[in-house]
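1. Got a predicted structure here, sequence first:
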Amino acid sequence: MAESLRIRNVHFITLVLLCIGFPAHSNRIRLDEHQPLSKIDVYKATVALRNNAYIKASPLVLGLNGEDTDWVTIKFLHPEPSADDWIAVFSPAKFNSSPCPGSNKKVQTPLICSSPIKFNYANYSNPNYARTGKASLVFELINQRADFSFALFSGGLSNPKLIAVSNPLSFKNPKAPLFPRLAHGKLWNEMTVTWTSGYNISEAIPFVEWGLEGETQTRSPAGTLTFSRKSMCGAPARTVGWRDPGFFHTSFLQNLWPNTVYTYRLGHRLFSGSYIWSKSYSFRSSPHPGEESLQRVIIFGDMGKGQRDGSNEYSNYQPGALNTTDQLIKDLDNIDIVFHIGDLSYANGYLSQWDQFTAQVEPIASRVPYMVASGNHERDWPNTGSFYANMDSGGECGVPTETMFYFPAENRAKFWYKTDYGLFRFCIVDSEHDWREGSEQYRFIEHCLASADRRRQPWLIFAAHRVLGYSSNDWYALEGSYEEPMGRESLQKLWQKYRVDIAFYGHVHNYERTCPIYQNQCVNEEKSHYSGTMNGTIHVVAGGAGSHLSAFTKEIPKWSLYRDYDFGFVKLTAFDRHSLLFEYKKSSDGKVYDSFTISRDYRDVLACVPDSCERTTMAA
């Protein structure tokens with residue numbers, strides 16, 4: 001029986017591989033170095049199945065107690081092992097039996113259509129593998145709406161040869177509602193919940209059951225969105241990186257009491273009358289705008305994701321991304337809202353990685369609002385309306401991010417928005433669209449800054465992915481501007497006029513803080529405490545949350561007060577409308593390595609400084 005099953009598996013995989021073609025190498029784009037899956041040359045994969053080789057996976061059913069994550073043990077044997085043998089995880093288990101879009105009929109070599117969702121080397125935890133050919137590995141899998149299989153390859157990542165294929169395995173309920181992501185609605189007393197499932201509206205009705213902690217719960221309906229391969233703008237998102245993303249449901253929880261704990265759980269009512277439930281979660285609603293309560297904000301960019309099983313290791317992502325995530329989880333009782341300002345998952349066209357990312361941040365995003373911004377690795381693609389013609393999104397052109405995450409923008413394709421949290425006003429900008437004077441986004445920025453009521457919400461925060469202010473990163477220094485080209489030229493007069501306290505950026509993968517600055521000049525000599533008249537904006541690069549680190553220029557500009565070549569994030573704490581604490585923490589230990597305080601009265605924002613007030617007369 002086992003031998004018969006093995007023969008059927010081998011026959012099926014051989015048929016799949018023989019039926020699939022792919023464009024010649026000259027037609028491929030250069031895949032981004034950040035994405036580890038791009039290192040696998042699936043275009044060259046060939047069949048070299050061995051009767052005396054095997055790979056076995058267990059257990060066969062995952063998540064028996066409702067878990068959305070489980071561990072799998074893989075045992076394998078290769079009679080002719082080598083140090084570059086590797087194990088691939090495929091989902092769905094039968095790879096992809098349909099013709100690849102845009103396949104080249106002239107290519108005769110048997111090829112794989114779908115990229116694995118993750119991989120690891122056969123000798124990762126088995127130093128004797130190259131000698132014995134027999135070993136085992138463990139993989140952590142998340143529920144991704146389909147079954148899984150494992151494949152043993154030789155030839156390394158650049159010349160993969162399929163040696164053996166495992167039995168399939170799956171989660172108990174692969175369609176289960178998972179990975180809730182909270183976000184502010186368009187009103188201060190509205191919270192949105194977005195989650196992922198395998199249920200289309202033709203199968204089940206999605207909703208959220210929620211209410212005050214310990215009291216009667218109510219139910220709010222959810223809308224459902226998804227996207228198709230045709231929605232992608234290019235490879236690999238349209239080709240080897242494509243994977244069915246499932247369905248995304250968003251519910252709006254309205255008329256919340258301020259600063260109050262609510263519980264919730266995700267539900268799907270099947271047309272049979274039965275219900276599918278998630279586990280229970282809780283969140284604290286936002287304070288009323290202007291409310292003087294303790295308010296704590298986390299800001300960072302460019303985190304990406306790591307794999308706790310050691311797979312997909314590339315560009316040193318694991319330590320930074322997982323450490324940042326774990327430090328936030330550890331301190332979650334002291335966090336009220338998170339801003340991830342671009343370059344979220346670095347999926348770069350490999351759609352399976354978005355599930356991995358939402359699973360990683362789920363302990364955070366299910367508890368506090370997880371507000372996002374658009375970065376180059378979400379949006380940029382030629383001829384799609386992005387401000388840059390780069391291929392950094394891997395063909396995604398913003399579609400997955402705009403569909404999978406809620407943000408309170410007027411137009412989902414225009415990733416800029418304002419949101420208020422107690423004593424804070426946040427103006428979140430899309431640096432992948434034109435921000436220059438005269439543009440639609442410039443008008444939004446001015447309105448967002450100008451409409452802030454600084455008596456009720458004294459702390460005005462500007463954030464964008466690319467550095468539109470100041471950075472002594474080495475490549476900006478080579479350009480001589482210490483900024484994104486055309487970055488601050490149009491914006492600095494708005495920051496000055498409307499007294500922006502702090503401007504945050506990612507994109508550059510390190511930490512840097514400037515003095516309060518206007519037109520390249522420090523306007524305050526203090527370094528750790530600021531009080532009195534507000535006369536310049538402090539600029540902060542906080543792009544070191546997980547991606548490989550960016551080097552500084554050796555020459556330190558006079559406006560740069562603190563630089564750190566390490567992984568970290570920023571925390572803001574508003575004690576009241578007069579006192580703000582800024583802290584930079586390293587992801588490795590969660591300790592504070594840079595900080596300052598601001599003490600200010602309302603009149604300090606009203607006082608006129610250069611280019612901040614309209615001209616006045618002496619008329620009586």
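-> In hand now; what should we look at? Residues are numbered from 1 along each chain as shown.

2. Verify the stated contact: Lys44 with Gly156.
-> No: at 10.3 Å, Lys44 and Gly156 do not qualify as touching, with contact defined as C-beta atoms under 8 Å. To be clear about C-beta, it is placed using only N, CA and C from the backbone, and glycine gets the same treatment.

3. Quick one: mean pLDDT for stretch 437-454?
-> Along stretch 437-454, the predicted confidence averages to a pLDDT of 97.

4. How about residues contacting it?
-> Defining contact as C-beta atoms under 8 Å, 6 or more residues apart in numbering, one finds that stretch 437-454 is touched by 289-290, 414, 416, 418, 425, 427, 429-430, 433-436, 460, 462, 490-491, 494-495, 497-500, 602, 605.

5. now those: which count as buried?
-> By neighbour count, with 16 or more other C-beta atoms under 10 Å, the contacts of stretch 437-454 hold 289, 414, 416, 418, 425, 427, 429-430, 433-435, 460, 462, 490-491, 494-495, 498-500, 605 as buried.

6. Which ones among those residues map onto helices?
-> With DSSP state H as the criterion, helices contain Leu494, Trp495, Val605 from among the buried ones among the contacts of stretch 437-454.

7. excluding its backbone neighbours, what's nearest the second one?
-> When you say that, I think you mean Trp495. Spatial nearest neighbour of Trp495, excluding adjacent residues (C-beta to C-beta, 6 or more residues apart in numbering): Thr537 at 4.5 Å.

8. residues contacting the one you found?
-> Contacts for Thr537 were tallied using C-beta under 8 Å, 6+ apart; they are Phe462, Gly469, Trp495, Gln496, Arg499, Val500, Asp501, Ile502, Ala503, Pro516, Ile517, Tyr518.

9. tell me which residues form a beta bridge with the first one?
-> Which is Phe462. When bridges are called by DSSP bridges, Phe462 pairs up with Cys427, Ala503.

10. cool, and the last one?
-> When assigned by DSSP bridges, Tyr518 has beta-bridge partners Gln521.

11. and the residue nearest in space to the middle of the chain, what pLDDT?
-> Centrality entry for the chain: nearest residue to the mean C-alpha point is Leu344, 2.1 Å, by C-alpha atoms, centre = their mean. On pLDDT, Leu344 comes in at 97.

12. Hmm, Phe357 and it touching each other?
-> Yes: taking contacts as C-beta under 8 Å, Leu344 lies within contact range of Phe357: 6.3 Å.

13. Quick check: neighbours shared by those two?
-> Gly304.

14. hang on, the earlier thing: go through the buried ones among the contacts of stretch 437-454 and flag which are in strands.
-> Counting by DSSP state E, the buried ones among the contacts of stretch 437-454 place Lys418, Arg425, Cys427, Leu460, Phe462 in strands.

15. Make sure the fourth one is actually in contact with Lys497.
-> No: look at Leu460 against Lys497 with C-beta under 8 Å: they stay out of range, at 11.4 Å.

16. Tell me how many other residues surround Asp380.
-> By the measure other C-beta atoms under 10 Å, the count of residues near Asp380 is 22.

17. er, His447 I mean
-> His447 has 12 nearby residues by other C-beta under 10 Å.

18. what's the neighbour count on Pro221?
-> When neighbours are counted by other C-beta under 10 Å, Pro221 registers 12.

19. For it, grab phi and psi.
-> For Pro221, the backbone dihedrals (degrees, to the nearest 10) come out as phi -70, psi 160.

20. quick one, what contacts Ala389?
-> By C-beta under 8 Å, 6+ apart, the contact list for Ala389 reads Asp380, Pro382, Asn383.

21. Apply 6 Å and report the result again.
-> With contacts defined as C-beta atoms under 6 Å, 6 or more residues apart in numbering, Ala389 is in contact with Pro382.

22. Against Phe247, how distant is it?
-> 32 Å (C-beta to C-beta, to the nearest Å).

23. again, but for Thr226
-> Distance from Thr226 to Phe247, by C-beta to C-beta: 5 Å.

24. can you put the ones in strands among the buried ones among the contacts of stretch 437-454 in TSV and add distance to His184 and pLDDT?
-> Supplementary listing: these in TSV, determined by distance: C-beta to C-beta, whole Å; pLDDT from 0 to 100:
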residue	distance to His184	pLDDT
Lys418	10	98
Arg425	12	98
Cys427	13	98
Leu460	17	98
Phe462	17	98
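
25. in stretch 405-417, what's buried?
-> So stretch 405-417, judged by 16+ other C-beta under 10 Å, has buried residues Phe405, Tyr406, Phe407, Pro408, Ala409, Lys414, Phe415, Trp416, Tyr417.

26. any chance of those in JSON lines, plus pLDDT?
-> Conversion of those to JSON lines gives the following (pLDDT from 0 to 100):
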{"residue": "Phe405", "pLDDT": "98"}
{"residue": "Tyr406", "pLDDT": "98"}
{"residue": "Phe407", "pLDDT": "98"}
{"residue": "Pro408", "pLDDT": "98"}
{"residue": "Ala409", "pLDDT": "97"}
{"residue": "Lys414", "pLDDT": "95"}
{"residue": "Phe415", "pLDDT": "97"}
{"residue": "Trp416", "pLDDT": "98"}
{"residue": "Tyr417", "pLDDT": "98"}
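
27. For Phe252, state which of the residues you listed is nearest.
-> Checking those against Phe252 by C-beta to C-beta gives Tyr406 as the nearest, at 8.9 Å.
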